[in-house]
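In: quick one, what's the 3D model for this:
(chains A and B)
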There are 2 protein chains.
Amino acid sequence: MTENLQTSIRLRLTLKPGMAIGPGKVAILRSIQETGSISAAGRLIGMSYKRSWQLVDSLNNMFEGPLVQTSKGGQHGGGARLTPLGEKVLALYERILDNTLLAIAPDLRTLKQLSAPSSNC
Amino acid sequence: MTENLQTSIRLRLTLKPGMAIGPGKVAILRSIQETGSISAAGRLIGMSYKRSWQLVDSLNNMFEGPLVQTSKGGQHGGGARLTPLGEKVLALYERILDNTLLAIAPDLRTLKQLSAPSSNC
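Out: Modelled structure (predicted):
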């Protein structure tokens, strides 16, 4: 099998009651790291401007400090970048995802092999 | 730390496009295994009767055979039990979850330590 197992798993981690990090928040962090802007980051992953900001706000309040730093001004309304803590949290989540894939790959392949040939659910 | 990390992760596995298994479907499988009835299984985990049946229908169409076998009749509308394939799929998912926890426990603890003292998101 040559399929990319990375796209087969969605992992949501609850850090405290009501405080979780999962695929949506991680996608916007990755995209901000790549684009240097919250609005561009949202566009890149097909997430609305409002939703992108909501997730950034949430992320900035979930940890011991902000994960995303924004700067005002400029033609496109300023930029955004990950703080050192943001880089650290993103790297931790990416490593968690990689280690999950390594740990479950054989069983995930077995599950896939047991699944029906086409989707009707 | 003595907290139960098991409750900190939610893992959703896409087996084919549009065909996924995650915490909801696994919860109803576990509960049917325990109670021997779809309606009792739903009640046990606070899932509506309609939703429980929907998930069972979906599960029964997702794999190469049904995971749940129902029998008609009786005062309470018949029983339900996991087929051998259902037992196999549930055991595989449980092992995947256990192996995920083993693989990520140190990083997950680090992430929790970086999270804010109380939830405001």
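
In: once you drop chain neighbours, what's closest to the spatially most central residue of chain A?
Out: The centroid of chain A falls nearest to residue A:26 when counting by Cα atoms, centre = their mean (1.5 Å). Leaving aside its sequence neighbours, residue A:26 sits nearest to residue A:93 (Cβ to Cβ, 6 or more residues apart in numbering or on different chains; 5.3 Å). C-beta: built from backbone N, CA, C; applies to glycine.

In: residue contacts, that neighbour?
Out: Listed by Cβ atoms under 8 Å, 6 or more residues apart in numbering or on different chains, the contact partners of residue A:93 are A:13, A:21, A:26, B:111.

In: one more: residue A:116?
Out: Under the criterion of Cβ under 8 Å, 6+ apart, the contact list for residue A:116 reads B:16, B:19, B:61-64.

In: let's see that with 7 Å instead.
Out: Contact partners of residue A:116, counting by Cβ atoms under 7 Å, 6 or more residues apart in numbering or on different chains, are B:61-64.

In: could you tell me which residues of chain A lie near chain B?
Out: Taking Cβ under 7 Å from any Cβ of the partner chain, the part of chain A that reaches chain B is made up of A:8-19, A:58, A:61-64, A:89, A:92, A:95-96, A:99-100, A:102-104, A:107-108, A:110-112, A:114-116, A:119-121.

In: kindly recompute the last result at 6 Å.
Out: A:8-16, A:18-19, A:58, A:61-64, A:92, A:95-96, A:99-100, A:103-104, A:107, A:111-112, A:114-116, A:119-121 (Cβ under 6 Å from any Cβ of the partner chain).

In: the strands in chain A, which residues?
Out: Read by DSSP state E, chain A holds these strands, from start to end of the chain: A:9-16, A:19-21, A:68-71, A:79-82.

In: next, the buried residues of the shortest one.
Out: Spelled out, it's strand A:19-21. Along strand A:19-21, these residues count as buried under the neighbour rule (16 or more other Cβ atoms under 10 Å in any protein chain shown): A:19-21.

In: so where's the longest helix in chain A?
Out: helix A:84-114 (DSSP state H).

In: now the angle from that one to strand A:9-16?
Out: Angular relation of helix A:84-114 and strand A:9-16 on a 0 to 180 degree scale: 130 degrees, by axes from the mean of the first three to the mean of the last three Cα atoms, to 10 degrees.

In: how many neighbours does the closest residue to residue A:103 other than its chain neighbours have?
Out: Once flanking residues are discounted, residue A:103 sits nearest to residue B:103: 3.8 Å by Cβ to Cβ, 6+ apart. Around residue B:103 sit 18 other residues, with neighbours defined as other Cβ atoms under 10 Å in any protein chain shown.
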